[in-house]
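Chemist: Compute the structure for the input listed below.
(2 chains)
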Amino acid sequence: MTFRLVDAPARRGQDAKAADGVPVPGKHRWRWLRSWVFMVPLLAVNLLVIVVPSLEAVYYAFTNWTGYGSAKFTGFANFRMMFTSGEFWQACLHNVLWTIFFLIVPMAMGLAGAFMLSRITRFRALFRTLYFIPYVMATVVSSIIWENLLNPNGGIGSAIGFLANVSFFGNQKLALPSVAFVNNWQWWGFLVVMFLAAMQGTNPMLYEAAQIDGARTWGQFWHITLPSIRPVLMFLALMTIIWSFLVFDYIYIITQGGPNNATQVVGTLMYTEAFSDQAAGYASAMGLFLGVLAIIVVIIYTRIRRRGWNI
Amino acid sequence: MTDPRSPLVLNRRSFLGAAGLVAASAGIAACGSSAGGSNSGSDITLWTAFTESQQATYFNDTITNPWNKAYPKTPLQVTLKPVNTLAQLQQTAVEAGAGPDILGEDGSSTVVPLAEAKQILPLDGYAEKYGWRDILLPWAFNASTYKGKLWSIPNAYETMLVYYNPATFDKYNWKAPTTLDETEALFEEAHGKGIQPITSGNAGWRGVNEWFVTMFWNHYSGPDALYQALTGQIPWTDPVFVEPLQILQKWFRQGWIGVSSQDYFTTQFATCYTNLASGKALTYWSGTWEFGSLPLYFGAKAHNDATWSWMNVPQMRSDIPPVVNELSIGGTYSINAQAKDPDAVAKFLGWYLANKHAAVVGLKEFGFEPPPITLTTSDWVPGTNPNYSRCYDEMAVNSKAGNIGYTTWTFWPPKSDTYIIDSMDGVITGSSTPAAYCAGLETVFKAELAEGRVPPLFKPRAYAAL
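Modeler: Residues are numbered from 1 along each chain as shown, chains lettered A, B, ... in the order given. Model prediction:
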């Protein structure tokens, strides 16, 4: 793959020319150098914190590394152990459920919220800010707030009769959706802002034409709004899938994977293996599995785009 | 038409070349910083974490400043790190061939991989030079060895206790139970009166599960059976380990521990302390680390007139000692193999272990667990809470008598320990049986035993003669 500077000359040796047609070789060298100066910090960061650790993780996935000292090559042993582990597949299932939840609930809420905001002019900025505030809160803060709010001893549940004895994070069936609810509380406002920004790019004349043709609100949303924001929608769906498989923070803070592994996802399991079980090689294998999944999702997305879908 | 070799085009080769240059530059920069960075000179470096600023002041006043005054050429440089990430930060630094000179670990089991990776230095020569074998309690010295060598010195030791509010007992004229039958009768009665027999919850720390496993195994199965299992002589599926967990499961099912299993999974430590202080709960089963936090919920500081005390975990079977202190090393110090001046670090560790004053002041002021050194009644600072001093006085007696047991987080290998914590949820909820739990542990433990990952053990009663 070749990247080309926007205003670079088309052919090697063909230097740019000044207005009078005389080549100015130094000017292009300077541009080339300047572009690299801007690239170097990003490259350095990517190399040091992404590329090198990623390559190391690939290597360690094939070893019995404990997280300390040297590692011994063990071939596919970690992968065999991983694919035959019920705990791992249970965690994967939770990731899948998490992904389905986040592809549906916050997306629907975000679209609905953005569409409603796009129909009003007064207080739009206020609502946009209010929806966005949870997104800028630290994960640990919002986790603790909701942990207390949903605590059966003294939370809002104890104040509302029919929720008095509901233990949202202690009940095995409720724990995963409850943590997802908390994460969604932070996430959906971000989606509102993203979708709203995309919706504002829609040509208003389309809505006017639709109204003249008798289209109702739902029809306008379905036939005008959705198609016009499809690239943003698909991009966020893609990122949602990737992020859902990497989820860690809310679950680790609120339930630590419990009770009885009801909220265990691959991210939390990986952390436990690496830092509690001293099985960093095995944890690397899980990380590699997640990485491959993310690559597959991106490849599918790219293929779909190449086939000409307008996303 | 574009020529991909154009010097003005960012192609794969120039990209990789530049990337290599960046990496090389970064590597050189990193080398430079480690050679001439903040670790220059003969400072002794230590990374640690405190939950309150007063604790940092205490550490400065009783350890850092006195040492720096006495040995100004090798001053102690303490760097504060976040409590939750200290271990990971240190592990990463050590793996990179850096890190502080003194490596603090949670216990002797986490020292083993460091020793195996040769990232810490053996301390036997220093132990002899500074007399650590005489200073440390024998079991603690032994538990700090691995494959015949000493790799760390313990800086805290702990045991399990049953905390209670004397006013609650006095109100109903109840006495502290000493046997399983007495305990169950008391809990039955208390539960009938709407008092929670044991307030507990693992929302703040999932490891609370293993506190119960530790207590039930030490006080029902007994230290001898545990020693045999930990050395592979008997399996974990032996009824002596299954039966106590059946009792524990029954207690959960009856609502004696937490209100219900669901409540147990969502209850924080602060709720437990409050329940005990208010009389809502009869007891709280935990360890000596609570000295640092539980008292804050009692008395003037908490705007109530409640008091607290502790009793020993009851004897649950007649053929084990009436009192057993399951012992644990709560923290260790080792010398980083990369330390610039290991001799100076060892000298500091020797000074630290001999510094009884810091240990007893830490206990008095903050409830810090002291290192496992011989502390007698005369050592306590005036004003020390008698609940603290009585505990450590009795631990010294029980240690000498050999009535000591094992905590799962110190003496079980890492995967077995994780299994004990995580899989206990199933026993608590009733979705798994104690027999299945023990069978699962047997599988995990056997593999780790074969790999030689079981931490060093002391033999029960072996230290009675020492």
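Chemist: Mind giving me the packing neighbours of the longest helix belonging to chain A?
Modeler: Ranked by residue count and defined by DSSP state H, the top helix of chain A is helix A:86-118. Where contact means 3 or more CB pairs under 8 Å, 6 or more residues apart in numbering or on different chains; DSSP states H and E, helix A:86-118 is packed against helix A:124-136, helix A:172-199, helix A:230-246, helix A:266-275. Heads up, the C-betas are built off the backbone N, CA and C, glycines and all.
Chemist: what's the closest of these to residue B:76?
Modeler: Nearest of these to residue B:76, taken as CB to CB: helix A:266-275 at 27.6 Å.
Chemist: Okay, angle between the closest one and helix A:86-118 too, please.
Modeler: Relative orientation of helix A:266-275 and helix A:86-118, computed by axes from the mean of the first three to the mean of the last three CA atoms, to 10 degrees: 140 degrees.
Chemist: and the stretch 51-200 of chain A, which residues reach chain B?
Modeler: Applying CB under 8 Å from any CB of the partner chain, we find that the stretch 51-200 of chain A lies next to chain B at A:52, A:66-70, A:147, A:151-153, A:167-172, A:175.
Chemist: What helix or strand is the residue of chain A found nearest chain B located in?
Modeler: In chain A, no residue comes nearer to chain B than residue A:69, which is 2.3 Å away by CB to the nearest CB. Under the criterion DSSP states H and E, no helix or strand holds residue A:69.
Chemist: and it, backbone torsions?
Modeler: For residue A:69, the backbone dihedrals are phi 60, psi -150 (criterion: degrees, to the nearest 10).
Chemist: Quick check, it in contact with residue B:119.
Modeler: Yes: at 6.4 Å, residue A:69 and residue B:119 qualify as touching, with contact defined as CB atoms under 8 Å.
Chemist: Neighbour count for those two, which is higher?
Modeler: Taking other CB atoms under 10 Å in any protein chain shown, residue A:69 and residue B:119 do not tie; residue B:119 has more neighbours (20 against 15).
Chemist: Please read off the pLDDT at that one from the model.
Modeler: Residue B:119 is assigned 94 on the pLDDT scale.
Chemist: is it true that it touches residue A:66?
Modeler: No: the criterion here is CB under 8 Å, and residue B:119 misses it with residue A:66 at 11.4 Å.
Chemist: how far is stretch A:103-119 from where the chain is centred?
Modeler: 17 Å (CA atoms, centre = their mean, to the nearest Å).
Chemist: Give me the residues contacting it.
Modeler: Residues outside stretch A:103-119 that contact it (CB atoms under 8 Å, 6 or more residues apart in numbering or on different chains) are A:124, A:127-128, A:131, A:180, A:184, A:187-196, A:198-200, A:217, A:221, A:225-226, A:233, A:236-237, A:240-241, A:244.
Chemist: Now that we have those, which of them are buried?
Modeler: Listed as buried from these are A:127-128, A:131, A:180, A:184, A:187-196, A:198-199, A:221, A:225, A:233, A:236-237, A:240-241, A:244; burial here means 16 or more other CB atoms under 10 Å in any protein chain shown.
Chemist: Return the helix or strand of chain A with the lowest mean pLDDT as PDB; C-alpha atoms alone will do.
Modeler: Least confident helix or strand, chain A: helix A:156-159 with a mean of 75, by mean pLDDT, DSSP states H and E. What follows is helix A:156-159, C-alpha atoms only, in PDB (Å, rounded to 0.1, in the frame of the first residue of the first chain):
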ATOM      1  CA  ILE A 156     -33.300   3.500  45.000                       C
ATOM      2  CA  GLY A 157     -34.600  -0.100  45.000                       C
ATOM      3  CA  SER A 158     -35.200   0.000  48.700                       C
ATOM      4  CA  ALA A 159     -37.200   3.200  48.200                       C
END
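Chemist: Buried members of the residues of the stretch 51-200 of chain A next to chain B into PyMOL, please.
Modeler: Entered in PyMOL, the line below selects the buried ones among those, by 16+ other CB under 10 Å:
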select buried, chain A and resi 66+67+68+147+151+152+153+167+168+169+170+171+172+175
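Chemist: Thank you kindly, that will do.
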